[in-house]
Each structure stands twice: as C-alpha cells, then as structure tokens.
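**Student:** Structure for this input, please:
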Amino acid sequence: MKIQHTLQNYSQTKKSILTIGTFDGVHHGHQKIISKLIQSAKKCNCESVILTFFPHPQTVLNANSSIKMLNTIDEKADLLRKLNLDTLIIHPFDKEFSELSAQDFIEQIVVKKLNVQKIIIGHDHRFGKNRSASFDDLVVFGQKYNFEVEQISVEELNNVAISSTKIRNAIINNDFEIAAQYLGYAYFFSGTIVNGKKLGRTINFPTANIYVAENYKLIPNSGVYVVQCELINNQLVFGMMNIGTRPTVNGINQTIEVHLFEFDNDIYDQQIKISVLHYLRSEQKFNSVKDLQLQLEVDKKESLLFLNKSI
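**Tutor:** Sure thing, here's the model as predicted:
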C-alpha cells in the first residue's frame, strides 16, 4: 500500500476507484465500503484509493471539540494495509481546505488530481464547505465530469447502525465486548514501556508502565481491565491493566500499568500494543498495600476466568 501525506503536487496517473472519509476505527461499516472499493478496482484494473484527513475535521472546525480518535494515523494505516488497499492519501485538514466548495473539491481534487473513474461512499457521506453537498449532488457531478457513483447501505448489528460515535460511546461506557463486535477486532492502543517506581514488584505484581505519545487517542477510563498485549516479534501475552492515579500509594498523575501473566522479561523501551478485552472494576483506594495485593489476586483470578471462557 502506498501512503501519500498530501494532495499538493500529487497526480494520480492510473484511473482510480475512490472513497472519501475519516474512517476512524476502520469498523465493520467502513470495511463494507472498502471491500466494495477494492472489488470494483480489480474488476476494471483501476487503483483503489482512500482519501482521508488529519487532524479530524471536527477538531479543526470546532475549537471546543474534545473528540478522541479510535485510531492514531499509524494504526489506521496498518488496518487499511491489511485490507489490501492500493493507495492511502492522508491530506492535512485545515480551515483553508474546509472552505473548498463542493464544486471546487470535485473539480480540483477528485477529477484533476485523483483521476477518478468511480466514487463509492457510505450512506451518510457529505462533502464541501459546511458539508453542504449530498449523494444527490455527487450524482450530478458524476454526470458532469463523467465518473460513476455508488452509495453503500448502512451496516447494522442487531438492528443498530454501526458508527464510530457508537463505538466511542461503548468504550466510554466500558463495554469493550460491544466495541469489538462493531469494530471487528478488540479495541487497542499502543505505547512505549517506560520506567516506573517498581512498587508492583514488592507485592508480586510487577507492571510495565506505558507511555502513549498521541494525545488525541481515546484511552479507556480509569479502572482495571483484562488485556492481551503484543510485544516485539509479535509475541502475545495476556494480562491485566490498571489505568488511574494509584490512590493507595498516594499517586497524583494518571498512569497506565500492565501486569503480564507468566512473563518476567526485560521489555523497557519496547513498543507494546494493548488490546482491551474486558472491564473488571473501577480504580479503588485501599487501606493498605496488603489490601491492594489481596484485591489484585482476586482480579487475576477473575481475569483468568474470563480468558478461559473466551478463548
């Protein structure tokens, strides 16, 4: 998969089958569109192309927006690569770009730069300044500039339309099983393993402290979770994670700590991918470190019970 980080000076030589959107989460609904995109491109010997934007348009157009992303830009690229997309264009979204009229967007970008033969979009896609243009407008543009247009119906699960917003809400509500059903994979985030205070070792629960660089990534709430971690060399290890301020030891700053089951290697400074499988409980302040240790033993038993049922 080719990745292009701007439309400036870009010109698509081969005819393209195109879809456009933020594709946050690359969830089942997105996968339905992308599957059709790739299938159509193969049929007519065209290139499958996704045009997406960074940062998220909502954060640019609304200064008060606190929206967090399901994927970092690198995570999104990795997910799309696995779907065998030909080209991913990540164009910087700014106020100037947001002022493009639908007419200018289609003529200057879609037709002249992306050499489009067909556009495939989702059921709720809108484009142009103030999201003014709809599918019907796209059909008219297609007739004017000689490209085909196809709209993909909404993807539902148990009669609920799948959307990035619903997935964010599931994560905010600690419902990671529902989030995984909508996404088609367990919700995950990635970070670097950094040095901590090593207090966990003193109670037989050593932890890896995780630093997440991207502040726009949606991190789960404070609490304790069952997780699966992917280390270097694709090694998979189950464990449990605590997110919070560690009130029992008078912590102040929020930390992310993972205790890996049956694992005691030195993994400092390594990258780690954490898939969140299940919410166990909220973070609590215990009367003593000993009480914390006893609760962690209960948490581990519950984690293993969950894993034995799930795997």
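**Student:** sec struct for the nearest residue to residue 203 once chain neighbours are set aside, please.
**Tutor:** The shortest distance from residue 203 to any non-neighbouring residue, by Cβ to Cβ, 6 or more residues apart in numbering, is to residue 293 (4.1 Å). Backbone N, C-alpha and C define where each C-beta goes, glycine included. Here residue 293 is recorded as helix under DSSP: H, G, I helix; E, B strand; the rest coil.
**Student:** who's in contact with residue 293?
**Tutor:** Residue 293 makes contact with 203-205, according to Cβ atoms under 8 Å, 6 or more residues apart in numbering.
**Student:** same deal with residue 92?
**Tutor:** 5-6, 53-54.
**Student:** State the pLDDT value of it.
**Tutor:** Looking at residue 92, its pLDDT reads 96.
**Student:** Which strand residues bridge it?
**Tutor:** Bridge pairing for residue 92 (DSSP bridges) gives the partners residue 54.
**Student:** Tell me how far it lies from residue 132.
**Tutor:** With distances taken as Cβ to Cβ, to the nearest Å, residue 92 is found 21 Å from residue 132.
**Student:** residue ranges for the strands of the protein, please.
**Tutor:** 2-4, 16-20, 47-54, 87-92, 116-121, 148-151, 156-157, 160-161, 188-194, 208-211, 223-230, 236-244, 255-260, 271-281 (DSSP state E).
**Student:** Indicate which one of the ones you listed is closest to residue 10.
**Tutor:** strand 2-4 (5.8 Å; Cβ to Cβ).
**Student:** What strands line up against the closest one, and which way round?
**Tutor:** strand 87-92 (parallel).
**Student:** tell me the angle the partner strand makes with strand 47-54.
**Tutor:** Angle of strand 87-92 versus strand 47-54, following axes from the mean of the first three to the mean of the last three Cα atoms, to 10 degrees, is 20 degrees.
**Student:** now strand 87-92: how far from the chain's centre is it?
**Tutor:** 16 Å (Cα atoms, centre = their mean, to the nearest Å).
**Student:** For it, buried residues please.
**Tutor:** Using 16 or more other Cβ atoms under 10 Å as the test for burial, strand 87-92 gives 87-91.
**Student:** can you check stretch 262-271 too?
**Tutor:** In stretch 262-271, counting by 16+ other Cβ under 10 Å, buried: 263, 267.
**Student:** And stretch 133-148, by the same measure?
**Tutor:** Buried residues in stretch 133-148 (16+ other Cβ under 10 Å): 133, 135, 137-138, 141-142, 147.
**Student:** One more: stretch 203-222?
**Tutor:** 205-210, 214, 217-220.
**Student:** Do a quick rundown of the helices in the stretch 1-150 of the chain.
**Tutor:** For the stretch 1-150 of the chain, applying DSSP state H, counting those that start in this stretch gives helices covering 28-43, 57-61, 73-82, 95-98, 102-104, 135-145.
**Student:** For the protein, give me the ranges with low pLDDT.
**Tutor:** 311 (pLDDT under 70).
**Student:** at 50 what do you get?
**Tutor:** Nowhere does the chain drop to pLDDT under 50.
**Student:** which residue is nearest the middle of it?
**Tutor:** residue 71 (2.3 Å; Cα atoms, centre = their mean).
**Student:** just checking, that one touches residue 80?
**Tutor:** No. Look at residue 71 against residue 80 with Cβ atoms under 8 Å: they stay out of range, at 9.7 Å.
**Student:** okay, and the common contacts of the two?
**Tutor:** Listed as contacting both residue 71 and residue 80 by Cβ under 8 Å, 6+ apart are residue 26.
**Student:** ok so, going back, considering the buried residues of strand 87-92, which is situated nearest to residue 310?
**Tutor:** The shortest approach to residue 310 among these belongs to residue 88, at 32.6 Å (Cβ to Cβ).
**Student:** quick one: that closest one and residue 289, what's the gap?
**Tutor:** Between residue 88 and residue 289 the computed distance is 48 Å (Cβ to Cβ).
**Student:** go on, residue 215?
**Tutor:** On the measure of Cβ to Cβ, residue 215 and residue 289 end up 31 Å apart.
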